[in-house]
Each structure stands twice: as C-alpha cells, then as structure tokens.
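1. My questions concern the predicted model and sequence given below.
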Amino acid sequence: MVTGHDEHGSALFSSDEVVAPVELALVPGFQSFELWSTASTPSIPDETGSPGASAYFPAAGGSVFRVVTFPPDTEAIYAPDFDFAAALQEAQSKVPDLVAKLEPDNPGMHTTDSVDYAVVIEGELDCELDEGRTLHLAAGDCLVQRGTRHAWRNGGGRPARVAFILLGGTRR
C-alpha cells in the first residue's frame with residue numbers, strides 16, 4: 001500500500017499493487033520483491049518514487065525497498081542438463097548491477113555503495129563478512145550493513161525472508 005495526496009492536499013491511499021517477484025534460474029527459490037524505489041532524495045509532499053526498481057542498487061541519494069526470499073543453500077543443486085550459461089545470461093538481463101557486483105571466486109560476496117537496513121521476517125540466515133566473520137540472524141533480528149563486503153548464506157533447511165531498505169551513498 002502506498003500513500004499520497006489528493007488535489008486538496010489530504011492524505012489518501014494512492015495505490016495497492018501486487019508486485020511480482022524477480023526470480024532467477026541461477027538461484028532456484030530466490031525471490032526479490034521490488035516494492036518501491038526513489039532515484040533521488042524525496043521532497044515532501046513526495047510525488048517521486050515508483051513500484052519496482054530501475055536498478056538493484058540505488059544511486060547516491062536514492063533508495064530501494066525490497067523483500068527477498070533466500071532459499072536454503074542446499075537447494076542450489078542443479079540438474080545434469082542445467083544450462084548455466086543461459087541462467088547467467090538471464091540473471092544479467094534481470095539484475096545486471098547485482099551480477100556485476102558479485103565476486104566470481106567467492107559466490108554471493110559483494111560490496112555495495114549503500115547503507116542497507118535488513119529485518120529478518122522469517123527463517124534464519126547468516127551474514128558473512130571479510131575473513132569469515134559471520135553473524136547468525138533469526139526472525140526479528142535487524143542488521144545495518146554499511147557498505148561492507150558481505151554475502152547472505154542460508155544454511156538452514158527452510159527459506160529465509162528479509163526486508164531490506166537500501167539507501168544509496170557515495171563511496172569515499
């Protein structure tokens with residue numbers, strides 16, 4: 001649900017859309033619901049922003065609000081005839097800036113120019129940082145990720161769902 005203002009400046013509920021997830025054959029069970037994004041700092045009353053996200057990571061001053069389902073790592077088993085090249089091409093077309101940030105030699109590891117607020121909604125997963133530093137998170141736990149190199153790992157037996165709010169920054 002999104003709020004807005006009518007022609008007289010009164011608050012109203014302006015839209016209630018169902019958002020289809022971004023899904024990737026490369027990561028079976030992964031779903032990213034792109035709920036809202038802004039390209040720059042909003043001014044109030046705000047008429048900027050839109051459902052979805054034009055990029056996976058926000059530009060400086062922009063924001064992205066999404067909910068992500070991380071499947072258990074054990075579900076990343078591919079059939080013998082799995083077309084990895086086609087799956088990678090699909091991921092590059094759907095989330096090119098995410099694929100560009102992923103480290104080929106360290107699956108899942110990436111560094112972003114954003115401050116990310118993460119709230120675990122259900123399930124459990126780990127946030128891995130440099131040198132194997134790991135924090136286990138469960139439903140209700142929150143993490144502020146401040147532009148660090150990290151990866152999300154789900155070593156459990158069921159999917160984990162996390163709400164993220166990303167605020168685009170400028171790296172020094």
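-> Everything's here; your move.
2. need the longest helix for the chain.
-> Assignment by DSSP state H gives helix 84-94 as the longest helix of the chain.
3. Report the distance from it to the chain centre.
-> Once both centres are worked out by CA atoms, centre = their mean, to the nearest Å, helix 84-94 turns out to sit 18 Å from its chain's centre.
4. what about residue 167, neighbour count?
-> For residue 167, the neighbour count with other CB atoms under 10 Å is 16. Where you see a C-beta, it was placed from the backbone N, CA and C, and this is true even at glycine.
5. Report the contact partners of it.
-> Going by CB atoms under 8 Å, 6 or more residues apart in numbering, residue 167 touches 58, 62-63, 114-117.
6. Could you give the bridge partners of it?
-> Beta-bridge partners for residue 167, by DSSP bridges, are residue 63, residue 115.
7. quick one: it from residue 50, how far?
-> 17 Å (CB to CB, to the nearest Å).
8. can you check residue 103 too?
-> In terms of CB to CB, residue 103 sits 31 Å off from residue 50.
9. Could you look up the SS state of the closest residue to residue 95 other than its chain neighbours?
-> Distance criterion CB to CB, 6 or more residues apart in numbering; nearest residue to residue 95, sequence neighbours excluded, is residue 56 at 4.7 Å. Here residue 56 is recorded as coil under DSSP: H, G, I helix; E, B strand; the rest coil.
10. mind listing what residue 71 touches?
-> 27-30, 154, 159.
11. Looking at those residues, which is nearest residue 15?
-> When those are ranked by distance to residue 15 (CB to CB), residue 30 comes first, at 26.0 Å.
12. Please name the residues that touch that closest one.
-> Residue 30 makes contact with 23-24, 68-71, according to CB under 8 Å, 6+ apart.
13. Please apply the same query to residue 137.
-> Counting by CB under 8 Å, 6+ apart, residue 137 makes contact with 118, 120, 124-127, 143.
14. do that again at 6 Å, thanks
-> Neighbouring residues of residue 137 by CB atoms under 6 Å, 6 or more residues apart in numbering: 120, 125.
15. which phi and psi does the residue nearest to residue 95 have?
-> Recorded main-chain torsions at residue 56 are phi -70, psi -30, according to degrees, to the nearest 10.
16. So which residues of the protein form helices?
-> Under DSSP H, the chain gives helices at 84-94, 96-101.
17. Residue 54 and residue 115, how far apart?
-> Residue 54 sits 19 Å away from residue 115, going by CB to CB.
18. now residue 44
-> Distance from residue 44 to residue 115, by CB to CB: 21 Å.
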